[in-house]
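1. How does the following fold in three dimensions:
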Amino acid sequence: MSRSGFLDKSLLAVAKVAAQSLFSERYAQKKGLLQSLDVRVRLLSFLCIIFLISVLHSPRTLWIVYGLSLVIAAASRVPLWFFQKRVWLFVPLFSAAVVVPALLNIITPGDPLWTLVRLDRSYSWGPYTIPAEIAITRQGFWGAVTFVSRVAASVSYAVLFTLTTRWSEAFSALRALFVPRILVMTLSMTERYVFVFLRLIQDMYRARKSRTIMPLSAGVDRHWTASRIGITFKKSVEMSRDIYNAMLSRGFHGEYRSLNRSRVRAFDYVWLAAVLCFGGIVILFERGAFR
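-> Have a look, this model is predicted:
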């Protein structure tokens, strides 16, 4: 029963991922600040902001940029709790593996703040040294704060862009910014058909469960799972061949034409100029030009 419960939970998790991806496009259909911008201007402005985040070094200025994302999210009619949950679900998982070791004087030497472990003596293995007192250093602490702030600010704008933009529009914007055609096409086909294979996996599991009367052994479960992986791979190869032949029969010549016809307006230029001005002001603020 525990194995069956695990498989049921896995199936529900797959369905939840698909439902959340489809549900997220509801925010892209709302009338808000970002939704009113041309998708190319939206993507270019967010790339500028993420580049700005990469050159900032003060946690204070990074949190100012992060605070701007909350204002933009509210103006774009994205619920702040839903938005922050998407951001902070990723940040701890990604940054913990990097931040936690960097806090210690083993990795980042400096002034100790909190002593965690006291050893009898220090140990050395070639170029590596473990000091007698393992502590969290001031330099490691502020480096960790800066890293987490940079990751949070970058992820917030990436999540905000995906929530307020349809994937088809995002791929069109990438092509307009001269991203290689084959890369855009691969991403587009992956996004379109990942849900098809998710549904295929669900159907195979439901078919097996509807024909199962009593619990099976772990070996039988592993054999069935391995065989379904092989069948899914075979179906993906066959489907890719059929799709490509169908595209050729409809006049495909290496690049598909998007149905999205957008036009850059005066408000888009104003938005882009405001983003560039904001970036310049933040850089000057970090360097102390306003003191």
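2. alpha carbons only for contacts and neighbour counts from here, please
-> Fine.
3. any idea of the mean pLDDT in the helix or strand hosting residue 86?
-> Element membership for residue 86, per DSSP states H and E: helix 80-103. Averaged over helix 80-103, pLDDT sits at 78.
4. mind exporting the helix or strand following that helix as PDB, just the C-alpha atoms?
-> Once the chain leaves helix 80-103, the next helix or strand it forms, by DSSP H and E, is strand 112-118. Output in PDB follows, covering the C-alpha atoms of strand 112-118 (Å, rounded to 0.1, in the frame of the first residue of the first chain):
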ATOM      1  CA  PRO A 112      34.700  35.400  13.300                       C
ATOM      2  CA  LEU A 113      31.100  36.300  14.400                       C
ATOM      3  CA  TRP A 114      29.800  33.000  15.900                       C
ATOM      4  CA  THR A 115      32.000  30.100  16.800                       C
ATOM      5  CA  LEU A 116      30.300  26.800  16.000                       C
ATOM      6  CA  VAL A 117      32.900  24.100  16.700                       C
ATOM      7  CA  ARG A 118      36.200  24.100  18.700                       C
END
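5. Strand partners (parallel or antiparallel) of the next helix or strand after strand 112-118?
-> Heading C-terminal from strand 112-118, the first helix or strand you meet, by DSSP H and E, is strand 123-125. Strand 123-125 has the following sheet partners, assigned by DSSP bridges: strand 128-130 (antiparallel).
6. where does the stretch 1-150 of the chain have low pLDDT?
-> Counting by pLDDT under 70, the stretch 1-150 of the chain contains low-confidence ranges at 1-24, 92-93, 96, 126-127.
7. Correction: the previous question concerned the stretch 151-291 of the chain.
-> Along the stretch 151-291 of the chain, segments meeting pLDDT under 70 span 254-262, 289-291.
8. now with 90?
-> For the stretch 151-291 of the chain, residues meeting the criterion pLDDT under 90 lie at 159, 162-163, 165-265, 283-291.
9. Show the residue spans covered by the helices in this structure.
-> 2-28, 39-55, 59-75, 80-103, 138-163, 167-176, 181-210, 218-249, 266-286 (DSSP state H).
10. which parts of the helix holding residue 86 are buried?
-> Neighbour counts over helix 80-103 (16 or more other C-alpha atoms under 10 Å) mark 83, 84, 87, 91, 99, 102, 103 as buried.
11. Surely the fifth one is in contact with residue 142?
-> No - checked against C-alpha atoms under 8 Å, the pair residue 99 and residue 142 is beyond contact range at 10.3 Å.
12. thinking again about what came up before, JSON lines please, covering the buried residues of helix 80-103 and showing distance to residue 153.
-> Below are these laid out as JSON lines (distance: C-alpha to C-alpha, whole Å):
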{"residue": "83", "distance to residue 153": "12"}
{"residue": "84", "distance to residue 153": "11"}
{"residue": "87", "distance to residue 153": "9"}
{"residue": "91", "distance to residue 153": "10"}
{"residue": "99", "distance to residue 153": "16"}
{"residue": "102", "distance to residue 153": "20"}
{"residue": "103", "distance to residue 153": "21"}
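13. burial count for the residue nearest to residue 46 when sequence neighbours are not counted?
-> Closest residue to residue 46 apart from its sequence neighbours, by C-alpha to C-alpha, 6 or more residues apart in numbering: residue 157 at 6.7 Å. Look at residue 157: counted by other C-alpha atoms under 10 Å, it has 23 neighbours.
14. check contacts around residue 157.
-> Going by C-alpha atoms under 8 Å, 6 or more residues apart in numbering, residue 157 touches 46, 50, 69.
15. residue contacts, residue 123?
-> So residue 123 contacts 129, 130, 131, 132 (C-alpha under 8 Å, 6+ apart).
16. Just the buried ones from the residues you listed?
-> Buried subset of those (neighbour count, 16+ other C-alpha under 10 Å): residue 131.
17. Let me have the contacts of residue 123 in JSON lines, extended by distance to residue 249.
-> Formatted as JSON lines, the contacts of residue 123 follow (distance: C-alpha to C-alpha, whole Å):
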{"residue": "129", "distance to residue 249": "66"}
{"residue": "130", "distance to residue 249": "66"}
{"residue": "131", "distance to residue 249": "69"}
{"residue": "132", "distance to residue 249": "72"}
